[in-house]
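>>> one predicted model, sequence on top.
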Amino acid sequence: MSTTATTAAATLAERTGVAAHDAVVVLGSGWEPAAGFLGRVVAELPVTELPGFLRPAAPGHRGLARSYDLEGTRVLALLGRTHLYEGHGPDAVAHGVRVAAAAGARLAVLTNASGGLRPDWPPGTCALLRDHLNLTVSSALVAAQFVDLTDLWSPRLRAAARETDPSLVEAVYAQLRGPSIQTLAETEMLRALGADLVGMSTVVEAVSARAAGLEVAGLSAVTTVEGSGEELDPDEVVAVAEATAQRVGPALRAILRFARDDAGTGDPDLGEDTA
């Protein structure tokens, strides 16, 4: 674990009065309404008051760190994230989950808004990530960190979420670097590669979370149907994601009930984050 992440975790404990957190939830574009399902707010501070964090540049990413008490489970919520397209490199993108791991978290839930590549999934569909394609040509892992990603997206967490909300679908998510939206030809390429969703976040964080020994789940709100010819409206994207996040909040809670379960699939010996 990096020195900066360890220092930030110590500062987080001091500022929140919470010695350790059991889980981290990263709330992406439009996902702030899901915070209402995370329990009682214990403390809140701007992420920029913690070492190593940057102010998020994406609209709607407020850049807050909140500590919640969810029936005895300590949940760290990050309201917003740093994206690769902001130009700070993959270490800045991975910093939030690394700090959470240093703070004791064993489970990470990563959320985002995505473009749908399947015409049968209209806007408002919510997907559990079951696999991904990292098309960013980026990783925050360095040196000989041979992290097995075959089971990165936890099957048992997906099962728990779907038991609570059977409307959830399972998807392969492709991350592009952004910030430009892909062309029509690129959209067809992504479909041919087996992707169901496309976006500009989450995968780099997920890989780093897995490397740090966290069990990982992903929730994605489908906000557009890619290749439809309709012009992207950022405000509409956020509005659709907000409605979706509110609806699937109970599934998020169902995932978090595993946060203090020592039988998780995370493996603390997967490799040390050295960046």
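Right, received. Where do you want to start? Note that the structure is a prediction, hence the values are computed from the model and not measured.

>>> my guess is residue 24 meets residue 100, correct?
Yes. Between residue 24 and residue 100 there is a contact under C-beta atoms under 8 Å: 3.4 Å. No exception for glycine: its C-beta is placed from N, CA and C like everyone else's.

>>> give me the most central residue, this protein.
The centroid of the chain falls nearest to residue 110 when counting by C-alpha atoms, centre = their mean (1.9 Å).

>>> quick one: it and residue 225, what's the gap?
Here the criterion is C-beta to C-beta, to the nearest Å. By it, residue 110 lies 22 Å from residue 225.

>>> quick one on the thing from earlier: with neighbour numbers in mind, choose between residue 24 and residue 100.
Per other C-beta atoms under 10 Å, whichever of residue 24 and residue 100 has more neighbours is residue 100, with 30 against 27.

>>> over to that one: give its phi and psi.
phi -60, psi -40 (degrees, to the nearest 10).

>>> could you tell me which residues make contact with it?
9, 21, 23-24, 76, 78, 108, 209, 214 (C-beta atoms under 8 Å, 6 or more residues apart in numbering).

>>> one more: residue 41?
Taking C-beta under 8 Å, 6+ apart, we find residue 41 in contact with 66-68.

>>> and with 6 Å instead?
66, 68 (C-beta atoms under 6 Å, 6 or more residues apart in numbering).

>>> next: the one 3 residues further on.
Contact analysis of residue 44 by C-beta under 6 Å, 6+ apart lists 64, 66.

>>> following the strand or helix carrying it in sequence, what is the next regular element?
Element membership of residue 44, judged by DSSP states H and E, is strand 40-46. Note on strand 40-46: by DSSP H and E, the next helix or strand toward the C-terminus is strand 64-70.

>>> and that next one, what does it pack onto?
Counting by 3 or more C-beta pairs under 6 Å, 6 or more residues apart in numbering; DSSP states H and E, the packing neighbours recorded for strand 64-70 are strand 40-46, strand 73-79.

>>> can you list contacts of the one helix or strand residue 186 maps to?
For residue 186, the element it lies in under DSSP H and E is helix 184-193. Helix 184-193 has contacts (C-beta under 6 Å, 6+ apart) with 117, 174, 198, 226-227.

>>> which of the residues you listed has the most neighbours?
residue 174 (27 neighbours).

>>> so that residue makes contact with residue 133?
Yes. The pair residue 174 / residue 133 is scored as a contact, 4.2 Å apart, by C-beta atoms under 6 Å.

>>> joint contacts of these two?
With C-beta under 6 Å, 6+ apart as the test, residue 174 and residue 133 both reach residue 195.

>>> and residue 64, how far from residue 57?
15 Å.

>>> pick out whichever of these two has more residues nearby.
The neighbour comparison of residue 64 against residue 57 (other C-beta under 10 Å) goes to residue 64, with 18 against 15.

>>> so who does the residue lying closest to that one once chain neighbours are set aside touch?
Ranked by C-beta to C-beta, 6 or more residues apart in numbering and with sequence neighbours excluded, the top spatial neighbour of residue 64 is residue 79, at 4.2 Å. By C-beta under 6 Å, 6+ apart, the contact list for residue 79 reads 27, 32, 62, 64.

>>> counting neighbours, what do you get for the third one?
Translated: residue 62. The burial count assigned to residue 62 is 13, neighbours taken as other C-beta under 10 Å.

>>> just residue 182 next, same as before
Burial of residue 182 is recorded as 18 neighbouring residues (other C-beta under 10 Å).

>>> what secondary structure does it sit in?
Three-state call for residue 182 (DSSP: H, G, I helix; E, B strand; the rest coil): coil.

>>> identify the residues contacting the residue nearest to residue 61 when sequence neighbours are not counted.
Leaving out its chain neighbours, the residue that sits closest to residue 61 by C-beta to C-beta, 6+ apart is residue 80, at 2.8 Å. Counting by C-beta under 6 Å, 6+ apart, residue 80 touches 56, 61-63.

>>> in which helix or strand would I find residue 98?
helix 90-102.

>>> from the chain's centroid, how far away is that helix?
Taking the mean of its C-alpha atoms, helix 90-102 sits 11 Å from the chain's own mean (C-alpha atoms, centre = their mean, to the nearest Å).

>>> stretch 167-185 too?
Centroid separation for stretch 167-185 versus its chain: 14 Å, with C-alpha atoms, centre = their mean.
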